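Novice: Just need the structure, nothing else, for what follows:
(2 chains)
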Number of protein chains: 2
Amino acid sequence: MTSGFSVLPVEGLPELREGDDLAALVADRVELRDGDVVVVAQKAVSKVEGRVVALDGIEPSARAREIAGAETDPRRIEVILREATELVRVRPPLVIARTRHGFVCGSAGVDASNAPERDTVVLLPLDPDASAAALREGLRARTGAEVGVIVTDSFGRPWRAGTTDVAIGVAGVEAIRDLAGERDPVGYELHATRIAIADEIAGAAQLVFGKLDRVPVAVVRGLDVLGDGRAVDLVIPPDRDLFRA
Amino acid sequence: MTSGFSVLPVEGLPELREGDDLAALVADRVELRDGDVVVVAQKAVSKVEGRVVALDGIEPSARAREIAGAETDPRRIEVILREATELVRVRPPLVIARTRHGFVCGSAGVDASNAPERDTVVLLPLDPDASAAALREGLRARTGAEVGVIVTDSFGRPWRAGTTDVAIGVAGVEAIRDLAGERDPVGYELHATRIAIADEIAGAAQLVFGKLDRVPVAVVRGLDVLGDGRAVDLVIPPDRDLFRA
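Specialist: Numbers count the residues shown, from 1 in each chain, chains lettered A, B, ... in the order given. A predicted model of the protein is given here:
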């Protein structure tokens, strides 16, 4: 039986740049304990990994210009099209796309807000599970603590308004908790048995992130969730997705 | 700037029955403070409201028998069909439906697991926002504390595996936090500006609920989220849902 958990913002991080040692910056600001989950907003990871693209060098295609229309920078749309493996919905200038990771999200995860400079956009990490694993190793090397790491991004959802943060990178944490076969007190096998706990942790962390005041890292303490999930476990294969079948 | 928040399970609740005073049961077990958000799993609310149906009296329709097939109780499918205002997807015996509240979820929110007895199913509350408001009033009357209430259920999602808990009833809490018009440090207007914080709080609470050990209530403490949202704010009108357009 759990006695609860807490979500603590990691404050005082500087504006992040390519090559910054995120593990060191976090380890300097919080005393990590075994079992903690360090949750990092995608943009922080992307920035230190240099996943920032200057729009200056981008030549928009005809398709990008068409989607962009008069109000939107077609170079930004061009970057989105390059990041997408499939356009799921297009309502110009809005694009919902599948990324190479299998995620379905707005703008293929390409984001202009919070970019380091005005004419840049931030892309998703190439391999967010690997990013999470590297940060986990870095934190362990510096602190000795056995922690999990989740990288999050804000995704919209069909049928529901607003975004929630979900896990796009996972290391050392359960992604899905499967209760299949366990029985409730009356003896029924539990139906809604696969719980996306990494997404729930991501959403909890978002509540302290603060989009405006630069808190891209939080520590979730007191949950018993260390494990070996990966964010790809959270991507449902199209043929098994009843919501789309 | 927040200094973090905590999520505390409310332990020791009895098996709930129709007519139980949930506000009294919660108030007896936790010292509520102004600003707390009391998060309650839907089944707890439905049980005290008597939203439990005995399958004995249910005559399944031909359509219910067809969907149920050989392995599933057609009376349970019949109840689902009666709760649904629209069948969004059917892959027998699985049904994803829109409810009268506008929610799109598996089995129209009808659940057999954790039902009080074997041949019963639990329905969603008739008006979960009203359920949340009544519980909030009850808690205020008993404790004097100004709290928010969220009623949650576990929903599947397109494109992503597993369920997360989302808010199906809200009282005294923000549902959506809208950052539109606010600008990030570089000066860009923020794009992913509508954050479904009630859903993120619901998911955080689920992490301590425990499906097996009967912890259907949690207290979220330390967030600055009291407001006047409703769960219906979280339902996106079909014509404005880019994910479905």
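
Novice: Low-confidence ranges, chain A, go.
Specialist: A:1-2, A:113-117, A:181-192, A:211-213, A:244-245 (pLDDT under 70).

Novice: which SS state does A:Asp153 fall under?
Specialist: When classified by DSSP: H, G, I helix; E, B strand; the rest coil, A:Asp153 comes out as strand.

Novice: What about the closest residue in space to it that isn't next to it in sequence, how many residues nearby?
Specialist: Leaving aside its sequence neighbours, A:Asp153 sits nearest to A:Gln42 (C-beta to C-beta, 6 or more residues apart in numbering or on different chains; 4.2 Å). (C-beta placed from N, C-alpha, C; glycine too.) As a burial measure, A:Gln42 scores 24 neighbours (other C-beta atoms under 10 Å in any protein chain shown).

Novice: List the residues that contact A:Gln42.
Specialist: Residues in contact with A:Gln42 (C-beta atoms under 8 Å, 6 or more residues apart in numbering or on different chains) are A:Gly109, A:Leu124, A:Pro125, A:Pro128, A:Val151, A:Thr152, A:Asp153, A:Ile168, A:Gly169.

Novice: Columns distance to B:Pro158 and neighbour count on top of the residues you listed, output as TSV?
Specialist: Putting the contacts of A:Gln42 into TSV (distance: C-beta to C-beta, whole Å; neighbours: other C-beta atoms under 10 Å in any protein chain shown) gives the following:
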residue	distance to B:Pro158	neighbour count
A:Gly109	17	27
A:Leu124	19	27
A:Pro125	23	24
A:Pro128	20	30
A:Val151	21	28
A:Thr152	19	32
A:Asp153	17	26
A:Ile168	16	30
A:Gly169	21	29
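
Novice: domain ranges for chain A?
Specialist: Per automatic domain parsing, the structural domains of chain A span A:1-50+A:125-245, A:52-123.

Novice: any idea of the angle the longest strand seen in chain A forms with strand B:160-171?
Specialist: Ranked by residue count and defined by DSSP state E, the top strand of chain A is strand A:160-171. Going by axes from the mean of the first three to the mean of the last three C-alpha atoms, to 10 degrees, strand A:160-171 is angled at 130 degrees with respect to strand B:160-171.

Novice: Restrict strand A:160-171 to CA atoms and write it as PDB.
Specialist: Presented in PDB, the C-alpha positions along strand A:160-171 are these (Å, rounded to 0.1, in the frame of the first residue of the first chain):
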ATOM      1  CA  ARG A 160     -10.900  15.600 -25.400                       C
ATOM      2  CA  ALA A 161     -10.000  19.300 -25.200                       C
ATOM      3  CA  GLY A 162      -6.600  20.500 -24.200                       C
ATOM      4  CA  THR A 163      -3.200  18.800 -24.100                       C
ATOM      5  CA  THR A 164      -1.800  16.500 -21.500                       C
ATOM      6  CA  ASP A 165       1.900  15.600 -21.100                       C
ATOM      7  CA  VAL A 166       2.700  12.100 -22.100                       C
ATOM      8  CA  ALA A 167       5.900  10.000 -22.000                       C
ATOM      9  CA  ILE A 168       7.900  10.000 -25.200                       C
ATOM     10  CA  GLY A 169      11.000   8.600 -23.600                       C
ATOM     11  CA  VAL A 170      11.300   6.200 -20.800                       C
ATOM     12  CA  ALA A 171      14.300   4.600 -19.000                       C
END
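
Novice: list the helices and strands whichever helix or strand comes after it packs on?
Specialist: Beyond strand A:160-171 in the direction of the C-terminus, DSSP states H and E gives the next helix or strand as strand A:177-178. With contacts defined as 3 or more C-beta pairs under 8 Å, 6 or more residues apart in numbering or on different chains; DSSP states H and E, the packing partners of strand A:177-178 are strand A:194-195.

Novice: most tightly surrounded among the domains of chain A?
Specialist: Ranked by mean neighbour count under mean count of other C-beta atoms under 10 Å in any protein chain shown, the domains of chain A are led by domain A:1-50+A:125-245, which reaches a mean of 20.

Novice: The most centrally placed residue in chain A pairs with what?
Specialist: With distances taken as C-alpha atoms, centre = their mean, A:Thr152 lies nearest the centre of chain A, 2.2 Å away. Going by DSSP bridges, A:Thr152 is paired in beta bridges with A:Ala41, A:Ala167.
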